[in-house]
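In: Let's see this in three dimensions:
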Amino acid sequence: MAENYEGMAIGIFELDSECACFVALDAAAKTAAVKIQGVERNRLKAGACVKMRGSISDVKAAMEAALRAAEPISRITAHSVIASPAGDTEKAMAITINK
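Out: This is a model prediction of the structure:
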């Protein structure tokens, strides 16, 4: 991936509907200055995982908006914000995105 996300907070959410993920990531991107790092479809189900990056305040605001948008149309499987990712976390994120 050409983008350098190092040092940015990470927001990750997983829904049981890939379509709902796009609705949620649209809400997230319209709410705060985040970059969508990737959308990965689940292997066994119809859902997907969205990874977004930005400042901690932007990622938190975007996450809240995404989950609010997703709640009525999908089941929220998981969500988390990593404020200051470790170097190994950055490496793992790069590997996952660039598969």
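
In: Could you check how far residue 60 is from residue 83?
Out: For residue 60, the distance to residue 83 (Cβ to Cβ, to the nearest Å) stands at 9 Å. C-beta: built from backbone N, CA, C; applies to glycine.

In: which residues do those two both contact?
Out: Common contacts of residue 60 and residue 83 (Cβ atoms under 8 Å, 6 or more residues apart in numbering): residue 9.

In: between those two, which one's more packed in?
Out: The neighbour comparison of residue 60 against residue 83 (other Cβ atoms under 10 Å) goes to residue 60, with 17 against 12.

In: At the geometric centre of the protein, which residue sits there?
Out: For the chain, the residue sitting closest to the mean C-alpha position, by Cα atoms, centre = their mean, is residue 51 at 2.5 Å.

In: Contacts only, for the residue nearest to residue 31 when sequence neighbours are not counted.
Out: Leaving aside its sequence neighbours, residue 31 sits nearest to residue 65 (Cβ to Cβ, 6 or more residues apart in numbering; 3.8 Å). Applying Cβ under 8 Å, 6+ apart to residue 65 gives the contacts 27-28, 30-32.
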